[in-house]
Structures are given as structure tokens and as C-alpha cells.
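**Student:** sequence? don't have it. structure:
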């Protein structure tokens, strides 16, 4: 509904939607909102990276981190925690 009302231009609302969708396990909707954000900030990237890591999509989270770096977005402490979380989940998959 918010996206249909053309509020996707507001990065704060878009980031909130990403968090909401990921919290509910709706990865497709979260990704759709993420892609529609014109100027992604570090919160946009962190929301996707940490949300994917928490949902067991460690490989996707790490790929997204690589894209973040490629787009010259400077990571912060939250980014590092999200990436470390994804790495531990990826290692757990490889061990078992």
C-alpha cells in the first residue's frame, strides 16, 4: 500500500518496509522495496544484509555486502555485525 502511494522515494519509509518484510520472512517483498530505492543509504544496505543473515540466507547477505562495497557505500558497525553473522551461519552450513 505504501509503495503504491509513491512513498517509496522516502528512504526512511522504504527502510522501515524492508525491516518489516524481513521480520515477517517476506524476502521477495523486502528485495523489491530495496531495489526501488533510488539513493540507498547504509541503513538500507544494513537492513537487507542483517535480515538475510538472520533468515538463513548467508550467501545472499555476503553477495549484497560485496555489492555495497562496489557501490562505494561505507560500512558501519551494524554492517560488520551483519556480515559476521552471515559468515558464522555460512561456516555452520559448511561444517554440518
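**Tutor:** Nice, I can see it. Bear in mind the structure is a predicted one, so any value in this text is a computation, not a measurement.
**Student:** Please make it C-alpha for all contacts and neighbour counts, starting now.
**Tutor:** Fine.
**Student:** can you pull the contacts of residue 72?
**Tutor:** With contacts defined as CA atoms under 8 Å, 6 or more residues apart in numbering, residue 72 has no neighbours.
**Student:** Name the SS class of it, please.
**Tutor:** coil (DSSP: H, G, I helix; E, B strand; the rest coil).
**Student:** Which phi and psi values does it adopt?
**Tutor:** Main-chain torsions, residue 72, degrees, to the nearest 10: phi 60, psi 30.
**Student:** again with residue 24
**Tutor:** phi -90, psi 0.
**Student:** Kindly provide the distance from it to residue 35.
**Tutor:** Noted for residue 24: a distance of 18 Å to residue 35, by CA to CA, to the nearest Å.
**Student:** center of the chain, which residue is that?
**Tutor:** residue 48 (0.6 Å; CA atoms, centre = their mean).
**Student:** Give me the pLDDT value at residue 12.
**Tutor:** Residue 12 is assigned 93 on the pLDDT scale.
**Student:** list the buried ones in the helix or strand that it is a member of?
**Tutor:** In this assignment (DSSP states H and E), residue 12 forms part of helix 11-23. Across helix 11-23, burial judged by 16 or more other CA atoms under 10 Å covers 11, 14-22.
**Student:** could those residues go into TSV alongside distance to residue 88?
**Tutor:** Formatted as TSV, the buried residues of helix 11-23 follow (distance: CA to CA, whole Å):
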residue	distance to residue 88
11	30
14	28
15	25
16	26
17	26
18	23
19	21
20	24
21	23
22	19
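**Student:** out of the residues you listed, who's nearest residue 87?
**Tutor:** Residue 87 lies nearest to residue 22 out of the buried residues of helix 11-23, by CA to CA, at 18.7 Å.
**Student:** Can you name the residues that contact the closest one?
**Tutor:** Contacts of residue 22 by CA under 8 Å, 6+ apart are 30, 48, 51-52, 55.
**Student:** For this structure, just list every one of the strands.
**Tutor:** Under the criterion DSSP state E, the chain carries no strands.
**Student:** In it, which helix is the longest?
**Tutor:** Scanning the chain for the helix with the most residues, using DSSP state H, yields helix 77-95.
**Student:** what's that helix in contact with?
**Tutor:** Helix 77-95 is contacted by residues 45-46, 49-50, 53-54, 56-59, 61-62, 65 when judged by CA under 8 Å, 6+ apart.
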